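Peer 1: all I have is the shape, not the residue letters:
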C-alpha cells in the first residue's frame, strides 16, 4: 500500500480541523454543518450515520476533494487538498482515494475488467499492467469467473464488488463509501461487509462509510453521528 503523500508514513490518512460548509439561498445563509474535526488513521474504518439531509454526503464530498469547505482545513495524507489546483487535486484523488457509491456508476459498455482498469489507465499505466492489476483484484473480491461480463450481466452484489475493486485498483490510502449496501438485500450486504473487513485488515486501507445500516456501521468500527450540524460519537 502507498504511504502518505508527503513521505511521512505516520501522518493520519484524513485530518480535518473545524470544517464548516454553508450555502447561500438568496439572502439566507444555510449552514449544513459547522466546526467538524475528524482524524482517520491507516487501516481504520469509520461509519458516519445520521438522518437524511444531515449533510453526510456533503461531508464525504469534502473529504474526497469534490467540494470545498467554507472554512477549516482538510489534510489527506498530510496534504491540504483544497490548496491544490483542480488538475493536481484530480491526480491526487486518483492516487490516494477510492470512491464507492450506492449506485455503482460502472460504465455499461465496459466489462468488469475494463471498468476496474480505468483509474489505472487514466493514471498513466499501460493497458497490460492495468489489466493485470484489475484481474488480481477481481479475483480477490470473488469475481475471477466474471472478468469479461458487463454490468448488465452481473447481480447487484457483483456490480458493487466490481465498484469496490475499481476503488482499490490504484492502492489508495482511503476508500470513501456512500451507502455502498443501500440497494442490496441483507445477505448480499453481509457479503460486502465481510469483503470490506477483509480488505481493511489485509491491505491496511482506511474506509470512511456513510450508511443507514446500523448493523453494518457497528460491525465495522468507529461510528459517528452527524446531527444538527455536528459530528458526535454514536452511543451504544
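Peer 2: Received the coordinates, thanks. Only a predicted model underlies this, so the values are computations on that prediction, with no experimental measurement involved.

Peer 1: now the most centrally placed residue in the chain: how far from residue 168?
Peer 2: For the chain, the residue nearest the mean C-alpha position is residue 176 (1.3 Å; C-alpha atoms, centre = their mean). Residue 176 sits 12 Å away from residue 168, going by C-beta to C-beta, to the nearest Å. Just so you know, the C-beta spots here come from the backbone N, C-alpha and C atoms, and that holds for glycine as well.

Peer 1: hey, what's in contact with both of these two?
Peer 2: residue 98 (C-beta atoms under 8 Å, 6 or more residues apart in numbering).

Peer 1: what about stretch 107-118, distance to the chain center?
Peer 2: With C-alpha atoms, centre = their mean, to the nearest Å as the basis, stretch 107-118 stands 19 Å off its chain's centre.

Peer 1: list the buried residues of that stretch.
Peer 2: 111-118 (16 or more other C-beta atoms under 10 Å).

Peer 1: which residues of the chain score low on pLDDT?
Peer 2: Residue ranges of the chain with pLDDT under 70: 1-10, 102-104, 235-236.

Peer 1: list the contacts of the strand or helix carrying residue 87.
Peer 2: Using DSSP states H and E, the element containing residue 87 is helix 86-96. Applying C-beta under 8 Å, 6+ apart, the external contacts of helix 86-96 come out as 2, 5, 64-65, 76-77, 79, 81-82, 84, 119, 122-123, 170, 172-174.

Peer 1: return the members of these classed as buried.
Peer 2: 5, 64-65, 76-77, 79, 81-82, 119, 170, 172-174.

Peer 1: which of the residues you listed lies closest to residue 199?
Peer 2: Using C-beta to C-beta, residue 172 is the member of the buried ones among the contacts of helix 86-96 that sits closest to residue 199, with 11.0 Å.
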